[in-house]
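Visitor: Okay, sequence plus prediction incoming.
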Amino acid sequence: MAWAVETLNETVDAELSQLPADMRARLVRISELIESVDLPNVKEPHGRHVCGPLWEIRLKGKAGIARALSRLAPGRGAGRRRLGWSPQQARSSR
């Protein structure tokens, strides 16, 4: 089944854009990994299953770490599953 990684809305986009460049690059890499090998196959240190449809994605960079909660959402179209980033979850620890 194919995966599509999407952000929830403009609020999430704005929060993610405030992350340092190396963490944004890590987010892109993890998103590509999810799309290529499926979310359940992406393990620590990149992320972990929390419970139900919730997954924690871990971003590490020079400024510290950021974690984002993501939620599985029903796909648009046959054979697609979406992973949406929840608003106000990306946080950098400095």
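Guide: All right, it came through fine.

Visitor: contacts and neighbour counts: CA atoms only from here.
Guide: Fine.

Visitor: in the top strand by length along the chain, what counts as buried?
Guide: Longest strand of the chain, by residue count under DSSP state E: strand 64-74. Neighbour counts over strand 64-74 (16 or more other CA atoms under 10 Å) mark Ile65, Ala66, Arg67, Ala68, Leu69, Ser70, Arg71, Leu72 as buried.

Visitor: for it, what is the average pLDDT?
Guide: What strand 64-74 shows for mean pLDDT is 78.

Visitor: And for stretch 14-29?
Guide: What stretch 14-29 shows for mean pLDDT is 89.

Visitor: For that stretch, give the distance from the opening residue to the closing one.
Guide: 19 Å (CA to CA, to the nearest Å).

Visitor: Could you do stretch 4-22 as well?
Guide: Start and end residues of stretch 4-22 are separated by 22 Å (CA to CA).

Visitor: Can you list the strands that the longest strand of the chain pairs with?
Guide: The sheet places strand 64-74 alongside strand 54-61 (antiparallel), strand 80-85 (antiparallel), strand 91-92 (antiparallel), with pairing taken from DSSP bridges.

Visitor: thinking again about what came up before, which two among the buried residues of strand 64-74 are spaced furthest apart?
Guide: Longest distance between any two of these is 22.6 Å, between Ile65 and Leu72; criterion CA to CA.

Visitor: tell me the phi and psi of Met23?
Guide: The phi/psi pair for Met23 (degrees, to the nearest 10) reads phi -70, psi -40.

Visitor: and it, how many neighbours?
Guide: For Met23, the neighbour count with other CA atoms under 10 Å is 23.

Visitor: Please look at it and Gly64 and confirm they touch.
Guide: No - the pair Met23 / Gly64 is not scored as a contact, 9.0 Å apart, by CA atoms under 8 Å.

Visitor: Residues that sit against both of the two, list them.
Guide: When CA atoms under 8 Å, 6 or more residues apart in numbering defines a contact, no residue borders Met23 and Gly64 alike.
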